[in-house]
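please work out how this folds:
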Amino acid sequence: MIFNKKKNVIVLVIVSLIIVVLLGENQLTIVKETKLVREVLAQKFPSEAEKRRRIALWVVQHFEGPEPIRKVEVGEIYSYGILGTGGRSSSVVINGNSRNVIESISLDDTGIPTGNVVYNLEMNYRFKGKADKNKTLKNVEVRYWKGRK
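Numbers count the residues shown, from 1 in each chain. The predicted structure is shown next:
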């Protein structure tokens with residue numbers, strides 16, 4: 001009788017270990033899948049900071065002037081219409097000079113500028129149709145700017 005109890009305890013311990021191992025692997029799989037889902041969502045729905053970084057990079061690659069761009073102040077990203085159906089846009093100040101303001105930079109859903117912009121012709125920087133992909137945000141300060149709506 002004591003032998004049967006020991007046998008039952010041993011079987012119960014082995015079964016419990018098997019369950020723990022199987023659940024542990026499933027939990028690891030769930031963690032990996034959750035991380036993958038987060039990465040996909042971050043790409044599809046980038047944060048405001050990431051959108052501002054993309055806008056700043058676009059400006060650096062598409063505008064050139066008498067001095068290098070060292071600071072890009074990106075304004076708030078506004079959505080127009082119901083749930084953004086009227087589009088999205090932002091404004092930018094280059095090198096902290098209020099003369100170098102780019103207004104109404106149209107954005108797609110991921111925050112990447114589409115190329116439609118409005119700027120003063122007296123601005124020190126000129127728009128280049130083709131992006132200079134060699135330019136990066138290295139040594140460029142990207143800041144938030146309240147902007148104008």
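
test my guess that Ser104 contacts Ser91.
Yes - with contacts defined as Cβ atoms under 8 Å, Ser104 counts as touching Ser91 at a distance of 7.0 Å. Where you see a C-beta, it was placed from the backbone N, CA and C, and this is true even at glycine.

for stretch 95-115, buried residues please.
Under the neighbour-count criterion of 16 or more other Cβ atoms under 10 Å, stretch 95-115 has Asn95, Asn100, Val101, Ile102, Ile105, Leu107, Gly111, Pro113 buried.

and the fifth one, what is it in contact with?
Contacts for Ile105 were tallied using Cβ atoms under 8 Å, 6 or more residues apart in numbering; they are Ile55, Trp58, Val59, Ser89, Ser90, Ser91, Val92, Pro113, Asn116, Val117.

circling back to that earlier point, among the buried residues of stretch 95-115, which are in strands?
Val101, Ile102, Ile105, Leu107 (DSSP state E).

make CSV out of the contacts of Ile105 and add secondary structure.
Conversion of the contacts of Ile105 to CSV gives the following (DSSP: H, G, I helix; E, B strand; the rest coil):
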residue, secondary structure
Ile55, helix
Trp58, helix
Val59, helix
Ser89, strand
Ser90, strand
Ser91, strand
Val92, strand
Pro113, strand
Asn116, coil
Val117, coil
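
of these, the lowest pLDDT goes to which?
Checking pLDDT across these, the minimum falls on Asn116 at 78.
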